[in-house]
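A.B. asks: here's my sequence, what's the structure:
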Amino acid sequence: MQAFRNCGLCASGNLFKGRTDFLVARRNMSVLRVSAACVQLLKDKTNVFCSSPVHQRLLRLARSKAVAFSVSSGLCAVPFTQQVENLSHESLIRRASCLVTDSANTYLSQTTLALVDAHTQYAKALHTLIALQKRYITSIGKLTPAEEDSIWQVIIGQRVEVSDRLEECKRFESNWMNAIHICELSAEAAYNSGAEHACTATKTNLQVAQSKVEEIRKISREAKKKLAETKAEEIQRMAEYVSSIDINDLEDIPEAYLRED
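C.D. replies: Predicted coordinates for the structure are as follows:
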């Protein structure tokens with residue numbers, strides 16, 4: 001530092017005074033050259049360190065931390081405004097109507113599923129009875145009294161099964177009709193309260209449920225029609241069998257052939 005000050009004095013225009021001042025100046029210039037060499041050496045070492053992989057990683061880490069800090073600082077500076085929720089009477093009624101439609105749709109889906117399953121089981125029971133009836137028709141006049149009683153016990157048991165399935169259909173039909181009525185009322189309430197989307201969704205569910213139930217009802221009606229045709233065929237077959245035998249042999253006809261179903 002003394003050398004820099006002395007150099008500054010030289011630059012200010014002060015003249016050397018005597019041999020002593022000249023020697024001091026030369027010594028100061030030597031010190032200045034040594035200092036410049038040290039500064040250059042430090043600069044070279046710094047460049048070498050900055051180009052090393054370790055320094056690059058440290059630099060990237062420092063930059064990432066700085067970016068994260070700047071972003072978080074920016075977020076902290078952003079004022080978060082919370083909107084005040086609308087709690088008017090209209091809004092509360094609209095929310096309540098949406099809840100009603102959700103519950104009504106759940107009730108409708110469950111009752112529809114139960115009714116469809118009940119009609120499916122009823123149709124299966126009808127087809128089983130039809131198969132037993134046809135088997136009996138083809139065996140008229142070929143069975144012993146014991147075999148006749150055995151097959152009629154199976155037919156009677158299947159008829160009980162059909163009756164039970166029909167009662168189950170009627171019970172679920174009542175629940176399903178209640179669900180239809182509730183959904184219609186909830187859809188109307190949602191529309192009047194301004195919840196058009198809930199009204200539209202409920203009406204769509206109503207259409208889908210009615211379509212599924214009508215489809216399974218059609219299957220049940222077709223099965224009942226086939227059963228009626230089978231009974232008519234059985235009556236005709238019995239009449240043909242009775243007319244084909246001698247009247248004296250009517251006492252030998254099993255009681256099952258003479259009963260009316």
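
A.B. asks: pLDDT weak spots in this structure?
C.D. replies: Per-residue confidence of the chain (counting by pLDDT under 70) places the weak regions at 1-86, 246-261.

A.B. asks: just say helix, strand or coil for the nearest residue to Gln133 once chain neighbours are set aside.
C.D. replies: Here the nearest residue to Gln133 in space, its sequence neighbours aside, is Thr230; by C-beta to C-beta, 6 or more residues apart in numbering that works out to 4.5 Å. No exception for glycine: its C-beta is placed from N, CA and C like everyone else's. Assigned state for Thr230: helix (three-state reduction, DSSP: H, G, I helix; E, B strand; the rest coil).

A.B. asks: can you tell me how far Thr230 sits from Met238?
C.D. replies: 13 Å (C-beta to C-beta, to the nearest Å).

A.B. asks: if we can go back for a sec, surely the residue nearest to Gln133 touches Tyr136?
C.D. replies: No: using C-beta atoms under 8 Å, Thr230 is not in contact with Tyr136; the gap is 9.4 Å.

A.B. asks: okay, and the common contacts of these two?
C.D. replies: Common contacts of Thr230 and Tyr136, defined by C-beta atoms under 8 Å, 6 or more residues apart in numbering, are absent altogether.

A.B. asks: returning to that earlier point: what is the burial count for the residue nearest to Gln133?
C.D. replies: Under the neighbour criterion other C-beta atoms under 10 Å, Thr230 is assigned a count of 19.

A.B. asks: same thing with Glu222?
C.D. replies: In terms of burial, Glu222 registers 13 neighbours under the definition other C-beta under 10 Å.

A.B. asks: what does Ile140 give?
C.D. replies: Neighbour number of Ile140 under other C-beta under 10 Å is 17.

A.B. asks: wait, it sits on Ser244?
C.D. replies: No: contact criterion C-beta under 8 Å: Ile140 and Ser244 do not qualify, at 10.6 Å.

A.B. asks: how close does Glu161 get to Thr202?
C.D. replies: The span separating Glu161 from Thr202 equals 37 Å under the rule C-beta to C-beta.
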